[in-house]
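# Build me a model from this:
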Amino acid sequence: MRVPSLLRRHFATQAARGGGGGGAGRGGSAAAAGGASESGKLIAVIGDEETVTGFLLAGVGHRTVDGCNYLVVKHDTKQAVIEETFRKFTTRSDVCIVLINQHVANEIRHLTNTYTQTIPTILEIPSKDHPYDPKQDFIMQRVNQMMGNGV
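Numbering: from 1, shown residues only. Sure, this is the predicted structure:
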């Protein structure tokens, strides 16, 4: 699924300012890096089967010979696989948002807490079996720190 034009303009502005995590302006075109055109970026998903299936049915899925933009995490998925996928998605120039189930993000909290790039943006989302807890969300923790509401 391509990002709507309003978000696309925002990400283009961020890339032009030098912000973000490697848009098309750094190191070649986005099309060469992962299959997306210069006018669109992808949403990547790391989550349980129900979450990933829902986003795939909504049109988020993108598959090329180089790989895809999603990972289904099952109970037997090794932490190293999740970590590698997270690193891959956060360094791809054609990805602007990484959606990750919060219970999966908890398994790689050491990576999410040290991630500092603006783009791709990491968003923790709930799953069917695991409700969202804002106290565990690293973005909410940063917002609370900036507002002086938390440690």
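# any idea how far residue 69 lies from residue 95?
7 Å (CB to CB, to the nearest Å). From N, CA and C alone the C-beta is placed, and that goes for glycine too.
# Can you work out which residues contact both of those two?
Overlap of the contact sets of residue 69 and residue 95 (by CB atoms under 8 Å, 6 or more residues apart in numbering) consists of 42, 43, 44, 89.
# okay if I get those as a markdown table plus pLDDT and secondary structure?
Shown next, in a markdown table, are the shared contacts of residue 69 and residue 95 (pLDDT from 0 to 100; DSSP: H, G, I helix; E, B strand; the rest coil):
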| residue | pLDDT | secondary structure |
| --- | --- | --- |
| 42 | 95 | strand |
| 43 | 96 | strand |
| 44 | 97 | strand |
| 89 | 97 | helix |
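# are any of these buried, and which?
In the shared contacts of residue 69 and residue 95, burial by neighbour count holds for 42, 43, 44, 89, counting by 16 or more other CB atoms under 10 Å.
# Could you save those as a markdown table and add columns showing distance to residue 83?
Output for those, formatted as a markdown table (distance: CB to CB, whole Å):
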| residue | distance to residue 83 |
| --- | --- |
| 42 | 20 |
| 43 | 20 |
| 44 | 14 |
| 89 | 11 |
